[in-house]
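Colleague: quick one: sequence and predicted model below, then my questions.
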Amino acid sequence: MLAATAFAVIRTRSLFATVMLSGVFSFLSALLFVTLDAVDVAFTEAAVGAGISTVLMLGTLSLTARFETPSPRSSFIPFIVVCLTGAALIYGTLDMPNFGSVDAPAQIHVGPDYLVRIPDEVGVPNAVTAILASYRGYDTLGETAVVFAAGIGVMLLISGLRRRRRDDDPSEPEHDRKEQV
């Protein structure tokens, strides 16, 4: 379903449909994370990917056209760049340990170290919560700040559009415009 949704996002020309399909893609990704027992990541994906990002893109969409304008250039070079980047990323994963491997570095070094230190340093019984809230607190704060800044930017863009539409409205008498300012 993820692949079909991604293909639909690529093929559609309606920007509204693209935004909605991107939200569906994020929701399907959240469901995949739930099946992998990564409920914290699934919650974040659902809240940020399917929720906030979709709302921000819809707000931005109110400032643009409804349909994508076709590019006069050929899309062959970007396709080659994407294929080369994908091949480089796949090549970079070839020496990774198998999924769930017991002898992976995260299982030998990092994981046991966190599990030993968490009760003394953090005092939270859930290891995932302790890692996200304490050890990765600045990272989580940074992600929240980025989403907040994007929301403020969209609100400023929308308020500027409303002001511009109000200023361009010829049906409103001149003296009423001066009183509103």
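Modeller: Now that the structure is in, tell me what you want to look at.
Colleague: need the contact partners of stretch 16-26.
Modeller: Contacts with stretch 16-26, where a contact means Cβ atoms under 8 Å, 6 or more residues apart in numbering, come from 2, 5-6, 8-9, 12, 45-46, 49-50, 53-54, 57-58, 61, 66, 68. All C-beta spots, glycine's among them, are computed from the backbone N, C-alpha and C.
Colleague: which among the residues you listed end up buried?
Modeller: 5, 9, 45-46, 49-50, 53-54, 57 (16 or more other Cβ atoms under 10 Å).
Colleague: which one of those residues is nearest to residue 38?
Modeller: residue 45 (9.2 Å; Cβ to Cβ).
Colleague: how about the nearest residue to the closest one, chain neighbours excluded?
Modeller: The spatial neighbour of residue 45 that comes closest, neighbours along the chain excluded (Cβ to Cβ, 6 or more residues apart in numbering), is residue 30 at 4.2 Å.
Colleague: pretty sure the one you found contacts residue 42?
Modeller: Yes - Residue 30 lies in contact with residue 42 (Cβ atoms under 8 Å); the separation is 4.4 Å.
Colleague: which one's more surrounded, these two?
Modeller: The residue with more neighbours, out of residue 30 and residue 42, is residue 30; 22 against 19, by other Cβ atoms under 10 Å.
Colleague: what helix or strand does the more buried one sit in?
Modeller: Following DSSP states H and E, one finds residue 30 within helix 15-35.
Colleague: just the mean pLDDT for that helix, thanks.
Modeller: Mean per-residue pLDDT for helix 15-35: 90.
Colleague: helix or strand next in line after it, which one?
Modeller: helix 39-44.
Colleague: not counting sequence-adjacent ones, nearest residue to the spatially most central residue of the chain?
Modeller: The chain has residue 49 as the residue nearest its centroid, 4.4 Å off, counting by Cα atoms, centre = their mean. Nearest residue to residue 49, sequence neighbours excluded (Cβ to Cβ, 6+ apart): residue 26, at 3.0 Å.
Colleague: and for residue 68?
Modeller: residue 13 (4.9 Å).
Colleague: list the contacts for the one you found?
Modeller: Applying Cβ under 8 Å, 6+ apart to residue 13 gives the contacts 67-68, 70.
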